[in-house]
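# sequence first, predicted model second:
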Amino acid sequence: MSRFLSRWLVLTIAAGVMVALLPGMEAVGEPPVLGVAAFSLFLALINASIKPVVHLIALPISILSFGLFALILNWLFMELASWLAMSLFSVGVIIHGFLWAVLGSFIMAVVSGIVDAVIGE
């Protein structure tokens, strides 16, 4: 449980940086960090539960497309997390298109790596 909470914290920090840097991402909620936290909660749940299975099943397609299909899967997972947060809590992060999701995934990966290295877990 502690590992999940630390992962959620890391994803919340990364999503906050992503929303701050990208004009195609919009945090909804008062305060906006509440929307970012709800979005990252669902993203952490998706990453822990269905993402590994879906990526494993889609591995042949990802290999044939030179990894481009993995970008589409990441976009779909971000959209799913956004939709779940908005529909269940009425707060979250609105993603304005596929390109912003791809850039957001890249930013979140870099920031998550840095924060994980600093935390040292």
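Right, received. Where do you want to start? Numbering: from 1, shown residues only.
# contacting residues for the closest residue to Ile95 other than its chain neighbours?
Closest residue in space to Ile95, ignoring its immediate chain neighbours: Ala101 at 5.1 Å, by CB to CB, 6 or more residues apart in numbering. Bear in mind the C-beta positions are built from the backbone N, C-alpha and C, glycine included. Contact analysis of Ala101 by CB atoms under 8 Å, 6 or more residues apart in numbering lists Asn74, Trp75, Met78, Glu79, Ile95.
# next one: Ala27
Val19, Val33, Gly35, Val36, Phe39, Gly92, Val93, Ile94.
# 6 Å instead, please
Val19, Gly35, Val36, Val93 (CB atoms under 6 Å, 6 or more residues apart in numbering).
# secondary structure element for the residue nearest to Ile95?
helix 98-119 (DSSP states H and E).
# now do that helix, average pLDDT.
Across helix 98-119, the average pLDDT comes to 91.
# quick check: buried residues in that helix?
Residues of helix 98-119 classed as buried by neighbour count (16 or more other CB atoms under 10 Å): Trp100, Ala101, Leu103, Gly104, Ser105, Ile107, Met108, Val111, Ser112, Val115.
# excluding residues flanking it in the chain, which one is nearest the fifth one?
In space, Ser105 comes closest to Asn74 once its chain neighbours are excluded; the distance is 4.7 Å by CB to CB, 6+ apart.
# tell me which element that neighbour falls in.
Per DSSP H and E: helix 68-89 holds Asn74.
# pull that helix out as CSV, backbone CA atoms only.
Provided in CSV are the C-alpha atoms of helix 68-89 (Å, rounded to 0.1, in the frame of the first residue of the first chain):
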residue,chain,number,x,y,z
LEU,A,68,3.8,3.9,-32.2
PHE,A,69,0.9,1.7,-30.9
ALA,A,70,2.2,2.1,-27.4
LEU,A,71,1.7,5.9,-27.8
ILE,A,72,-1.9,5.3,-28.7
LEU,A,73,-2.4,3.0,-25.7
ASN,A,74,-0.8,5.7,-23.4
TRP,A,75,-3.2,8.3,-24.8
LEU,A,76,-6.1,6.0,-24.2
PHE,A,77,-5.1,5.4,-20.6
MET,A,78,-4.7,9.1,-20.0
GLU,A,79,-8.1,9.8,-21.6
LEU,A,80,-9.6,7.0,-19.4
ALA,A,81,-8.1,8.4,-16.3
SER,A,82,-9.4,11.9,-17.2
TRP,A,83,-12.9,10.6,-18.0
LEU,A,84,-13.0,8.6,-14.7
ALA,A,85,-11.9,11.6,-12.6
MET,A,86,-14.4,13.9,-14.3
SER,A,87,-17.3,11.6,-14.2
LEU,A,88,-16.8,10.4,-10.6
PHE,A,89,-15.4,13.4,-8.8
